[in-house]
Structure formats: structure tokens, C-alpha cells
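Asks: Build me a model from this:
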Amino acid sequence: MKFLQSIDQGFVKKVQPDILKAKSLMKASEEAIATASKIPLEPSAYKSIVRELYEGLRQYAEALGIQEGYKFESHEVITYFLDEIKNEKKASLQFDKYRRIRNGINYYGDDVAPETVKEALDNIPLMINILKKHSKVKYKI
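Replies: The predicted model follows:
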């Protein structure tokens, strides 16, 4: 299991579960998704929209981890967490897809196609809704 190896390698730290922090991260996730959906769909904004959507998704996944007592030191390990701990293979693959797109934007200056932006605007909120069943936090997203 890559997730267990990630713990051994220090990419995931075991911490005290923290429901208040999870709730705060979920609120931040909601705000990031709402902000992204309000940004005008223009070529000059595509990268910002995708980054903000990814940030919301990452924050929600971080919240799920912190409620279970995991602190992620790498975004890649979130992929393993979603797949191996939460048994959400499809969400794991989608998370990794958007992680790679975001990394391309941030570290390589990659452009984003309008179709990718529109897909992310639809898919990322749906992914969060699917992941909500794993939440111990009573917070509406």
C-alpha cells in the first residue's frame, strides 16, 4: 500500500484527529469553490479558476485526513489516501488528474484549455459531494 509507505517515509504524519480543523478546512474549501465559480470564464482567468478549484478539492481532502488523524506533507499522498483509505478509486484518479494540471500551471506555466476549465467547474464540486459521505463533520458544503 502506497499510503502506508508514505507514512513510513514521512509524507504522512499521524496526528491527533481534529474535527474543528476539519470543519475549518471544509469551510475554506466551500469558499474556494464558490470563488472559482464566480470568476469570469475568460482565457486570462482559466489558470486562476483551475487553481482555485483544485485548492478547494485539496482542502476538502485534507479535512478528511485530519479528521482521521493524518496530516499530509505532499499532495500526491492524498491520491493514495482517497484510493486506499477511503476506497474512492475514481475520486483518487480525478484528484491526481487535477493535481497534475495544477502542477503544470504552477511549475511549468502550462496553459489550460477552456474544456478543461468547464470540466473542472462541473467535476470538482461533484467530487466533493461524493466525498461528503466520509465526513464526520456536520457542515454543509
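Asks: Pick out the residue closest to the middle of the protein.
Replies: The centroid of the chain falls nearest to R58 when counting by C-alpha atoms, centre = their mean (2.2 Å).
Asks: can you pull the pLDDT of that one?
Replies: R58 is assigned a pLDDT of 98 by the prediction.
Asks: same question, Y139
Replies: pLDDT recorded at Y139 is 58.
Asks: Equivalent analysis for M1, please.
Replies: 81.
Asks: Next: the one 5 residues further on.
Replies: With respect to pLDDT, S6 has a value of 96.
Asks: related to what we said a few turns ago, run a quick check on the residue nearest to the centre of the chain versus I78, I expect a contact.
Replies: Yes. Counting by C-beta atoms under 8 Å, R58 does reach I78; the two are 6.7 Å apart. C-betas here are computed from N, CA, C, even on glycine.
Asks: joint contacts of these two?
Replies: Residues touching both R58 and I78 by C-beta atoms under 8 Å, 6 or more residues apart in numbering: 95, 99.
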